[in-house]
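S.K.: Test case, fold it:
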Amino acid sequence: MSFDLIFLQVDALLTINRLKLVVFVAYRTALHPLRAFPGPLAAKVTLGYPAWYALQKRLHLVIYQNHQKYGSVVRIGPNRLVFNSVSALKGIYTPTCIISRQF
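M.R.: Numbering: from 1, shown residues only. As a prediction, the model looks like this:
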């Protein structure tokens, strides 16, 4: 095998991985069912956002700051929402939010 062929294969793998990353971030930010809820971009994409601040023992402070910035509902993970009031909780658990499935 020549080095040119190896470099072409490595370049193709890197390109495929970059494309996967772009599709992954696009899904989590634009197509995910929780996309309408505000929050930091890093929190929408990865679970590392709350984990990082939890390791620093600052997660509660960061969530408080995010509530001041984004409102009463904040997305802190791809599948995690944090509420700071009962009225905000009603917004997600009302009968109009229940999606009916037709089989």
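S.K.: Quick check on the residue most central in space within the chain: phi, psi?
M.R.: Centroid check for the chain by Cα atoms, centre = their mean gives residue 44 as the closest residue, at 1.8 Å. Main-chain torsions, residue 44, degrees, to the nearest 10: phi -70, psi -30.
S.K.: for residue 83, same thing?
M.R.: When read as degrees, to the nearest 10, the backbone of residue 83 gives phi -110, psi 150.
S.K.: count of residues packed around it?
M.R.: Counted with other Cβ atoms under 10 Å, residues neighbouring residue 83 total 15. Just so you know, the C-beta spots here come from the backbone N, C-alpha and C atoms, and that holds for glycine as well.
S.K.: What of residue 12?
M.R.: Counted with other Cβ under 10 Å, residue 12 comes out at 10.
S.K.: what does the one 4 residues further on give?
M.R.: Other residues lying near residue 16 total 10 when counted by other Cβ under 10 Å.
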